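Student: Following is a predicted model, sequence given first.
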Amino acid sequence: MQYMKHRLFLFDLDDTLLDFKASEKLSFTRTMQQLGLPDGMDGLFAQYQAINVALWRSFEAGAVTKDFLKVERFRKTFAANGLECDPELASRLYLDSLPDTVVLIDGARQLCETLAGIGEVGIITNGVEHIQTRRIASSGLQAHISFVSTSEASGYAKPDVRFFEYASKMARAFRKEDAVIVGDRLDADILGANRYGIESCWFNPERAANESEAVPTYEVSSLHDVVPALAA
């Protein structure tokens, strides 16, 4: 392997190492079945996704709390469709299901194993702490991960610089010039890296155009390309 300057690899979790979109749909479908709703409700899931994304953006902007978000996304989905379902129950069932529906992104296990042999691998996530901890345990990645930094524990969400300051203190050794963030979100992972002053690698499997203010140091469309990119 070529020389690699980085020694701390900070990974986003959802849609970077774990295929959250796949897990989300499996868990949502299971939850609706447990609530007694009929199959074939793909339109309901699409609505839920749009509502969920908007609420997460509000959370990242500091406008709503995570506890509010977890229930409100179901309340709004049910209200929009005239469904007499309990959003708090739906939220509990859904969150209980997520750790059982873990799907790895191709190359995730090999990548974490390789980088853990070079330095330290940490997870940085805006997700719910106890759920993310259980999902990592179910993923088979835990042996290669040194620490998990969550917005819930830090009190701040990516891209807030204070989130990254919190995460850096969890590392065995931290120097900005040795660290790199790998993530799929320009507005959370890459922008956060820019603001904190460390390098970043944008995981862009869809090969989307970057029309944001975020500037990644590296860009890859496959996790198999991360090591060659960082070693270049």
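Tutor: In hand now; what should we look at?

Student: Give the buried residues for the helix or strand encompassing residue 136.
Tutor: For residue 136, the element it lies in under DSSP states H and E is helix 129-139. Neighbour-count burial for helix 129-139, counted by 16 or more other C-beta atoms under 10 Å, picks out 129, 131-136, 138-139. Yep, even glycine has a C-beta here, placed from its N, CA and C like the rest.

Student: Output these in JSON lines; the columns should cover pLDDT and distance to residue 7.
Tutor: As requested, these are arranged in JSON lines below (pLDDT from 0 to 100; distance: C-beta to C-beta, whole Å):
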{"residue": "129", "pLDDT": "88", "distance to residue 7": "26"}
{"residue": "131", "pLDDT": "89", "distance to residue 7": "29"}
{"residue": "132", "pLDDT": "91", "distance to residue 7": "24"}
{"residue": "133", "pLDDT": "91", "distance to residue 7": "24"}
{"residue": "134", "pLDDT": "92", "distance to residue 7": "28"}
{"residue": "135", "pLDDT": "93", "distance to residue 7": "26"}
{"residue": "136", "pLDDT": "94", "distance to residue 7": "21"}
{"residue": "138", "pLDDT": "93", "distance to residue 7": "28"}
{"residue": "139", "pLDDT": "95", "distance to residue 7": "23"}
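
Student: picking up where we left off before, run through the neighbouring helices and strands of the helix holding residue 136.
Tutor: strand 120-125, strand 147-150 (3 or more C-beta pairs under 8 Å, 6 or more residues apart in numbering; DSSP states H and E).
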